[in-house]
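For reference, the sequence and a predicted model appear below.
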Amino acid sequence: MEGVLAQTLASGLLIGFVYALVAVGLTMIFGVMDIVNFAHGEYLMISMYFSYWFFILFGMDPLYSLPAITLIMFGIGIITYYIAIRPIINAPMLSQIFVTFGLLIFLRGVAQFLWKVDYRMIPETLASGNINLAGIYIGRPQLVAAVGAILCYGVILWFLKNTKTGMALEAVAEDKEAARLMGINSNRMFALSWGIGIATVGIAGVLLSTFFYVFPEVGGAFCLIAFVVVALGGFGSVVGAFLAGIIVGLVEVVSGYLIDPSFKFMFVLALYLAVVFIRPQGLMGK
Amino acid sequence: MKKGLVILLVFFAALVIYPFIFKNPFPRHLLIMIMLYGTMGIGWNIIGGYAGQVSFGNAAFFGVGAYTTAILLSKYGINPWIGMLLGCFFSSLVAVIVGYPCFRLRGHYFAIATIAVGEIVQILFTNWEYAGAAVGIYIPILEESFFNFQFHTTKLPYYYIVLAMLAFALLVCYAVEKSRLGYYFRAIKDDPEGARSLGINIQNYKLVAFILSAILTSVCGTFYAMYVLYIHPANTIDLWLSIHLCIIALIGGLGKIFGPVIGAFIFIPLTEFTRVYLGSEGQGIDLIIYALIIILLATLRPQGLWGIFAKSSS
Amino acid sequence: MLNVEKIQLKYGNIPVIHDVTFRVEKGEIVALVGGNGNGKSSILRGVAGLLTPSLGTVSFEGRDITKTQAFDIVSLGISLVPEGRRLFPSLSVYKNLRLGAYLTDDGKEIEKRMDYVYSIFPTLKERKDQRASTLSGGEQQMVAIGRGLMSQPKLLLLDEPSWGIAPKLVDKIFEVIREIRNNGVTILLVEQDVQEALEACDRAYVIQTGRVVMEGTGRDVLNSELIQKAFLGL
Amino acid sequence: MNEILVIDNVTKRFGGLIANSNISFAVERGKIIGLIGPNGAGKTTLFNCISCYYSADGGKILYEGKDITRETPDGICRMGIGQTFQIVRIFREMTVLENIMIGAFLRNPGRKKAEEKASEVAALFGFSEKLDLKASSLTISEQKRLEVARAMATGPKVLLLDEMMAGLNIHEIREAIDLVLKLRESGITLILVEHVMEGVMPIADKVVVLDDGEKIAEGTPDEVVYNDRVIQAYFGDKYHAKRRKNTA
Amino acid sequence: AQEEIKIGVIYPLTGPLASTGQVLLEGVKLAAEIVNGNYNLNMPLAKGEGLPKLKGAKIKIIPGDHQGKPEVGMAEAERLITQEKVVAILGCYNSSVTATASQATERYGIPFVNESSTSPTLTDRGFKWFFRTTPHDGLFSENFFMFLRDLSKKKKVGANTIALFAENTLFGSDSVKYQTKYAEKYGFKLVGTVLYPAKSTQLTSEVQKLKGMNPKVVMQTAYIADAILSMKTYRELNFAPEAILANDAGFIDPEFVKSLGKDANYILSREVWAKDLAKKKPMIKIVADMFEKRTGKHMDGTSSRAFTAMIVLADAINRAGSTEPAKIQEALLKTNIKADQLVMPWDGVKFDPKTHQNMLGKGIIVQVQNGEYVTVWPFNLATKQIVWPFPKWEGR
Ligand SMILES: Nc1ncnc2c1ncn2[C@@H]1O[C@H](COP(=O)(O)OP(=O)(O)OP(=O)(O)O)[C@@H](O)[C@H]1O
Ligand SMILES: Nc1ncnc2c1ncn2[C@@H]1O[C@H](COP(=O)(O)OP(=O)(O)OP(=O)(O)O)[C@@H](O)[C@H]1O
Ligand SMILES: [Mg+2]
Ligand SMILES: [Mg+2]
């Protein structure tokens, strides 16, 4: 029994890291621009496809194609900003939601057009297999993803806290006009936050592709969880998203095991509600 | 404004005559869906557009309305019209239970909370044996009559019922906008703290908006159940439904009485036609075109299309 | 140093500044005075690049900056302390000040300027970790001024620096204005305390309904009938 | 019972910082009270305690003899205490008239009535020409005035005004003074927080001075102005010299 | 010109089930092609072009997309009937959509032939115009236990403890209901049931639970997404019961083997069809090859059922000799297609006069061996020996 519980906790923790990794880009973009990117999951999907095709076409293992895909996704993020987001930067919140929602449908449509609706999966990667740790099985891909998540968070936090650009991002997030008066090019910062946000979800996609299937709507489920993670952690808080991702993973897996998997997501949502009733700004929000 | 009134009358006259010109069920169905979504869009607009509380959980009210009617009718033989009223009651109850704690939340926190509530309601219904769980409820087929809210040979009565619902929703919305409520809602949307300092109990007024919204949506749930005669959790309490309501209000114009009507008149045909004419090969082109239209609308007219219509009518 | 030629400024389609011309020489304190809503703040916004003139030109040190973006103008050495403070509300006092020196990388230099700001407003030092939004009104104004000083501009645009400041500290602020001018900073000042402003400045322009209606040395303007009647009500 | 508002030993802390420490004073009906003190002295905090945006950590606030310490801000307004904010809060997306109407609705539920009342108030505050402008297009000082008008429209018995005269020139301050006097005439009790002495001293019936969260003086303007402690903490040495010059 | 007979076909052509919808549509299209063209197959209407009793009229397929949404399905049915003037409708895969679309056909008095919605309730409604060719979940569930009984007789394996694992949608919960019922009837011990929300991002707690129950057989019901994910999770958590007996759907989806590669091996699934049935019925291979040539995909139980439904419908229209709905309905009731005329492993097609359920339908059990689905039950149709038990993950 204990072994099973330990296994459950370990599994929850691992998936929690993945959730955190998926969510970090969302919270970042929100933190800087106050925009909830509804299409976040679709970028995850796109990067999973990239990873898949790099594997199929060039035989590149996801772990090798990771840097290239991260860069490509960074570029895609910046392009997205200049084409779709910049025109609505001053529009009301709902119009912005509307545009990112349009992006969501657009990207799904493109994926469906290019790659059909089939489910695809990379059969075997460098990360495949599992490790048996004192009776606890840990999937190696999940482990790799978890390590990736931690590294990614480390880098982002360091970047935000210790670089001038990080500070500028914070300033732009608070008041973009005032930031301009400090000599900060707010547009460039916004573009950068999209670049980083999409690049991180790109990393998440590549790592996810080592153990999860991809199809044009794969983003949906992850995106919803990412929303909850971001809100639970506190919109805009990177540390919050990290904690919340782990909590959501644990709650989902443990409640699924101890209570009833049919209700596992309900427990996650109920947890969110419970937390914000006590702390309306989420765990770490401002 | 006189001219506006004339246009309104012409609009309704056209809606009344429409089924006599289009006798095929499909165009009638299309209009029924437009008006149904228009009604729900108005419901959404009251909480989301006027009071500024972006709800992605309105599908829960739709579901409660549909389920209340379906359960009462299929299990106890209770007349669907009574089911409609009770549906409103239960929806309002849900609105109060949910709204009371959630209205402390701001902006996106509230939006996500409403998603959570909608999803939780869906999960509950999916697992609730009594309500048919995932199988849902087949509504017993009764003799065709207005009393029974069932019509098998023609869509006409459904058409006029939903037309009446739309008119009712517009009236409610008009009454709200022109009264203190409407002003208060807008004030709360604009600056809740400021509103508080002027003696407005913002919690209560948000709740009033939510209840109105719930009632208008719940009525549509009942209608849907009686129209489709089969409901299950995935098609009645769906996050996408909530999102579509929001989009409809946005396309038309937030916080404008006619916004959602215009929104529905554009959105529903858009989805239908892209699907019918572009979707059947499953290549996603329909989605791409549809998405581009949405993005363009949001970018070029963030304030909604209402303005264009307003200009030409005044 | 700053030459504003016949500019027109608009909000949407409504022009609020018409054909305004003025100049600021190096080392001067120039004041813009005028009643409420007459467009003083708009002019400063125009110079700082937050509003782009629809007509006319703005040039700084001989360079045309009419169409230059606000953040590039800062790097030329113009800094605006805006009306309404515009702090970064959830950042600490320290970070707000630090952002004032965004274009500077030299840590020592930044510390030096920071110390200077703290020496003017000792309260800020005590509160350096407090979030700006929880400061009292006057404290926020101090941060706004301090932040403007942090960039060590060649030209400092001050929009109503004494707003919400206690009388004792107002005196201090005007002392500081003179002091930094003596250190070589040029100042363009908008101030409702007309008396104080005109006494402190070298030259002044009177703005009414978006136009310059009078210019001259501070003393002349102060003694003019227009000011005496309309602004001081004597 | 001529004291409409009694502040009784009010204390408010923020973490370790004591923003209001045992403050007590009484406000008489129909009077103008000036509340002054250096930046960060705790004036706005005290306002927020009275209007119940903060709940005081200690002490009581009595309004017409009733303890209101645990009321809500909207409840307070309905009881007859209106307020403005130090940092303007107007309904930016609404017109000037609509802003005032929101206030007016409190005692005039009908739209027609509210509109009439609002126009009346608008005229009083000099907004007649600007009724249909979007509030966000007003200058900041106009926005402050709009806030006062809005609060006025709720028909308050007490008005708490936080720095309504900031950013006005002498001429405009005189107009503001006239307005305040008019309000007092109509029976309203006013508490003004100001740093613009020209705006309070001539009209205040009583001045309360805070410093560092404590009340350091209370009295008529003349008493306060020559109080050494107040001069030292608040006015500064130059104040009297300047005052003499101006009145000369 | 030649007369065309329009038949409406409603499938989830966009949305989450689009891939299945496309396969279904292809199956129907192939059937129409065989009917319209001249093929030498022992199948109704294959020989000779078009429908002989209607002067060689050809079938024209009008597709409709329901996106998995019931009201859309209903609207599509109405549109197809009234605007496109179709004479009959075929669809809709998702039981919930079939439920509403068939209400529309019932209202308009148009025959509806359902090929693969397996919710038993559908034929309990007493509809006059609704026909179902496929067996439903009740029957399929029973097949599982018949299989296990046969197996224990033949191989003496005692697979007597069973855990049920299903997504909690219509399909999953219906299946669980019937599996529970038949477990009791056939004397098997149910050690537990795990229901979970479809399309989960992870299934570790579910698999943990199963592991804790320690069953010999897991009976699983899932669509493709969960099918793939659960297999990955079994492997990751090293869970290998004696058999995983899957309920069709995701486990026989063409993507299943493609995505999982070797990891898909040894899965047992209930099926309605398998390519290797061709060994006993050569016609199957010809049809399957045609399908593969057209689409680049293997034929499977989904497409073959859609194919068969189209043949059944075309046959009825032909026999009716008219496009009048009532005549077609009458002809459908008289349908009697023999086992050897079908690409299915059924005993034939013959509708129950009351429920309109095909009484001769039957499932098979297949196993993935070397990436191919081979028939292992009924033993008389089996082409390969069953591999039992499911090998442990490590040794593979
Ligand atoms: N964002 C805006 N949109 C539209 N009009 C505006 C805006 N900001 C200011 N105005 C208008 O421009 C005019 C000039 O405003 P400005 O703020 O420059 O005046 P000011 O002289 O600084 O006044 P104050 O002394 O009140 O600060 C005013 O009539 C004001 O109504
Ligand atoms: N939420 C808060 N958290 C921490 N400190 C606070 C908070 N609100 C106010 N303070 C501190 O309390 C003290 C009193 O603030 P308050 O706003 O009451 O001053 P004030 O007298 O209104 O000053 P001013 O004239 O500058 O507006 C200030 O030092 C301020 O920094
Ligand atoms: Mg100004
Ligand atoms: Mg204050």
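Yep, that arrived. Ligands and ions are numbered 1, 2, ... in the order given.

Below-threshold pLDDT in the chain: ranges please.
No chain in the question, so chain A it is. Along chain A, the model assigns pLDDT under 70 to residues A:1-2.

could you do chain E instead?
Filtered on pLDDT under 70, chain E yields the residue ranges E:1-2, E:16.

can you pull the contacts of the residue in it positioned nearest to chain A?
Closest residue of chain E to chain A, Cβ to the nearest Cβ: residue E:205 (3.1 Å). (C-beta placed from N, C-alpha, C; glycine too.) Residues near residue E:205 by Cβ atoms under 8 Å, 6 or more residues apart in numbering or on different chains: A:8, A:11, A:12, A:252, A:253, A:254, A:255, A:256, A:257, A:261, A:264.

Could you export those as JSON lines, including secondary structure?
Below are the contacts of residue E:205 laid out as JSON lines (DSSP: H, G, I helix; E, B strand; the rest coil):
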{"residue": "A:8", "secondary structure": "helix"}
{"residue": "A:11", "secondary structure": "helix"}
{"residue": "A:12", "secondary structure": "helix"}
{"residue": "A:252", "secondary structure": "helix"}
{"residue": "A:253", "secondary structure": "helix"}
{"residue": "A:254", "secondary structure": "helix"}
{"residue": "A:255", "secondary structure": "helix"}
{"residue": "A:256", "secondary structure": "helix"}
{"residue": "A:257", "secondary structure": "helix"}
{"residue": "A:261", "secondary structure": "helix"}
{"residue": "A:264", "secondary structure": "helix"}
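
So the residue most central in space within chain D versus residue D:72, what's the distance?
The centroid of chain D falls nearest to residue D:161 when counting by Cα atoms, centre = their mean (1.6 Å). Distance, residue D:161 to residue D:72, by Cβ to Cβ, to the nearest Å: 21 Å.

what's near enough to touch the nearest residue to residue C:202 once chain neighbours are set aside?
Spatially, and ignoring its direct neighbours in sequence, residue C:202 is nearest to residue C:28 (4.7 Å; Cβ to Cβ, 6 or more residues apart in numbering or on different chains). Going by Cβ under 8 Å, 6+ apart, residue C:28 touches C:181, C:186, C:187, C:201, C:202, C:203.

gap between the biggest helix by length in chain D and the chain center?
In chain D, assigned by DSSP state H, the helix with the most residues is helix D:170-185. Taking Cα atoms, centre = their mean, to the nearest Å, one finds the center of helix D:170-185 at 13 Å from the center of the full chain.

Touching it from outside, list them.
Counting by Cβ under 8 Å, 6+ apart, C:35-36, C:192, C:194-195, C:230-233, D:30-32, D:124-126, D:141, D:152, D:159, D:164-165, D:168, D:190, D:192, D:196, D:198-199, D:202-203 sit against helix D:170-185.

Show me those that map onto strands.
Judged by DSSP state E, those include D:32, D:159, D:190, D:192 as members of strands.

Can I get the helix or strand containing the residue of chain E closest to chain A in PDB, CA atoms only?
Residue E:205 is part of helix E:204-213 when elements are defined by DSSP states H and E. Extracted C-alpha coordinates of helix E:204-213, given in PDB (Å, rounded to 0.1, in the frame of the first residue of the first chain):
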ATOM      1  CA  THR E 204      -1.400   7.100 -13.800                       C
ATOM      2  CA  SER E 205      -3.800   7.100 -11.000                       C
ATOM      3  CA  GLU E 206      -6.200   4.900 -13.000                       C
ATOM      4  CA  VAL E 207      -3.600   2.400 -13.800                       C
ATOM      5  CA  GLN E 208      -2.400   2.400 -10.200                       C
ATOM      6  CA  LYS E 209      -5.900   1.600  -9.100                       C
ATOM      7  CA  LEU E 210      -6.100  -1.300 -11.600                       C
ATOM      8  CA  LYS E 211      -2.800  -2.600 -10.400                       C
ATOM      9  CA  GLY E 212      -4.000  -2.500  -6.900                       C
ATOM     10  CA  MET E 213      -7.000  -4.700  -7.900                       C
END
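
now the helices for the stretch 201-350 of chain E?
Counting by DSSP state H, counting those that start in this stretch, the stretch 201-350 of chain E has helices at residues E:204-213, E:224-236, E:254-260, E:282-295, E:301-320, E:325-333.

which of the contacts of residue C:28 lies closest to ligand 4?
Distance to ligand 4 across these (Cβ to the ion) is lowest for residue C:187, with 26.6 Å.

Which residues are in contact with the closest one?
C:28, C:29, C:30, C:155, C:156, C:157, C:158, C:177, C:180, C:181.

between these, which is closest to chain D?
residue C:158 (13.3 Å).

what number of residues lie near residue D:82?
When counting by other Cβ atoms under 10 Å in any protein chain shown, one arrives at 28 neighbours for residue D:82.

quick one: it is in a strand?
Yes - judged by three-state DSSP, residue D:82 forms part of a strand.

And it, what's its pLDDT?
We have a pLDDT of 93 for residue D:82.

ditto for the one 10 residues further on
Looking at residue D:92, its pLDDT is 92.

Now for the nearest residue to it once chain neighbours are set aside: which residues touch it?
What sits nearest to residue D:92 in space, not counting adjacent residues and going by Cβ to Cβ, 6+ apart, is residue D:136, at 3.9 Å. Counting by Cβ under 8 Å, 6+ apart, residue D:136 touches D:90, D:92, D:93.

As JSON lines, those residues with secondary structure would be great.
Formatted as JSON lines, the contacts of residue D:136 follow (three-state DSSP):
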{"residue": "D:90", "secondary structure": "coil"}
{"residue": "D:92", "secondary structure": "coil"}
{"residue": "D:93", "secondary structure": "coil"}
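
Point me to the residue of chain D nearest chain E.
Closest to chain E within chain D is residue D:93: 36.9 Å, counting by Cβ to the nearest Cβ.

how about the closest residue to that residue other than its chain neighbours, what does it touch?
Closest residue in space to residue D:93, ignoring its immediate chain neighbours: residue B:190 at 5.2 Å, by Cβ to Cβ, 6+ apart. With Cβ under 8 Å, 6+ apart as the criterion, the residues that contact residue B:190 are B:52, D:91, D:92, D:93, D:94.

and residue D:20, that one's in a helix?
No - applying three-state DSSP, one finds residue D:20 to be strand, outside a helix.

Local confidence estimate at it?
Note for residue D:20: predicted pLDDT of 94.

quick one: contacts for it?
D:10, D:11, D:12, D:42, D:45, D:46, D:49, D:56, D:210, D:213.

6 Å instead, please
Listed by Cβ atoms under 6 Å, 6 or more residues apart in numbering or on different chains, the contact partners of residue D:20 are D:10, D:11, D:12, D:42, D:45, D:46, D:213.

what do you get for residue C:176?
Contact criterion Cβ under 6 Å, 6+ apart gives residue C:120 as the residues in contact with residue C:176.

Check which residues of the longest helix anywhere in chain C are buried.
As assigned by DSSP H, the longest helix anywhere in chain C is helix C:167-182. Using 16 or more other Cβ atoms under 10 Å in any protein chain shown as the test for burial, helix C:167-182 gives C:167, C:168, C:169, C:170, C:171, C:172, C:173, C:174, C:176, C:177, C:180, C:181.

Run through chain C and note the low-pLDDT ranges.
Along chain C, the parts satisfying pLDDT under 70 run over C:232-234.
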